[in-house]
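A.B. asks: sequence and predicted structure are below.
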Amino acid sequence: MSTSTDLSKKSVNVESVAKKALKDKKVLSELFTGILSKNDTSRYNCFKVLHLISGLHPEALYHEWDFFADWIDSDNAYQRLIAVRMIANLIRADTENKFERILDKYYNLLNDSVIVAGHLTANSGKIAKAKPKLQTKITNKLMNIDKTKQKHKDLVKAGAIEAFDEYFEEAENKEKILEFVKEQLNCESPKTRKKARVFLKKWAPGLLT
């Protein structure tokens, strides 16, 4: 790549490349080419740079929304994972309400691998914060994990609790969320049980007694 940084090397200064990409459209274009590379390191480095940019300056990548949204339907699990994470970051720049049109398709990925579904739940707090009108829908999607075909439901719920923690203060259905989280105190996943205890200690310590 002509970014003057060899993205095929594991030691890449992600922040430096991101700054270059924000100033130079050619560099940005190369990152989108690189994220399709067959070289694992190059592909991952390009993702890390684009993910950093999307988190700090989502408006700079919003024009590529469809590029990532199309990957929700990809046969490649890695691309579906990228779609989940990038869309969650780009939400803050979604002035055209594009997410509303793909919400159901996006959350259908709860049926995907535990990695994809886990990142989806954990990133849902960002979406709920950026889209207050969708919070109830998102809450319902997360609380219905048991109705999905997910093989590791209890583990995926850990991400759901993370998400609830991000927007609980402004959530309309606090009682339902608290009930859901309390139920996880007895789930099979140690990680989820721990997150449930931390959540309740913060928001409703009385439920732990």
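C.D. replies: Yep, that arrived. Numbering: from 1, shown residues only.
A.B. asks: low pLDDT regions in this protein?
C.D. replies: Residues of the chain meeting the criterion pLDDT under 70: 1-5.
A.B. asks: number of residues surrounding residue 167?
C.D. replies: Per other CB atoms under 10 Å, the neighbour tally for residue 167 reads 20. In this view, the C-beta of every residue, glycine as well, is placed from N, C-alpha and C.
A.B. asks: does it really touch residue 126, like I thought?
C.D. replies: No. If you go by CB atoms under 8 Å, residue 167 and residue 126 don't touch, sitting 9.3 Å apart.
A.B. asks: how far off centre is stretch 128-141?
C.D. replies: Averaged C-alpha coordinates place stretch 128-141 at 14 Å from its chain's average position (CA atoms, centre = their mean, to the nearest Å).
A.B. asks: quick check: buried residues in that stretch?
C.D. replies: 128, 130, 131, 134, 135, 138, 139, 141 (16 or more other CB atoms under 10 Å).
A.B. asks: want to throw those into CSV with distance to residue 90 and secondary structure?
C.D. replies: Converted to CSV, the buried residues of stretch 128-141 look like this (distance: CB to CB, whole Å; DSSP: H, G, I helix; E, B strand; the rest coil):
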residue, distance to residue 90, secondary structure
128, 15, helix
130, 9, helix
131, 12, coil
134, 15, helix
135, 18, helix
138, 16, helix
139, 21, helix
141, 19, helix
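A.B. asks: export those residues as a markdown table, with columns for distance to residue 119.
C.D. replies: Formatted as a markdown table, the buried residues of stretch 128-141 follow (distance: CB to CB, whole Å):
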| residue | distance to residue 119 |
| --- | --- |
| 128 | 15 |
| 130 | 17 |
| 131 | 18 |
| 134 | 18 |
| 135 | 19 |
| 138 | 15 |
| 139 | 18 |
| 141 | 15 |
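A.B. asks: those: which two are farthest apart?
C.D. replies: Using CB to CB, the buried residues of stretch 128-141 span at most 15.6 Å, a distance reached by 130 and 141.
A.B. asks: how about the helices in this structure?
C.D. replies: Using DSSP state H, the helices found in the chain span residues 14-23, 25-34, 40-56, 65-69, 77-90, 98-107, 114-130, 135-143, 153-167, 174-183, 190-203.
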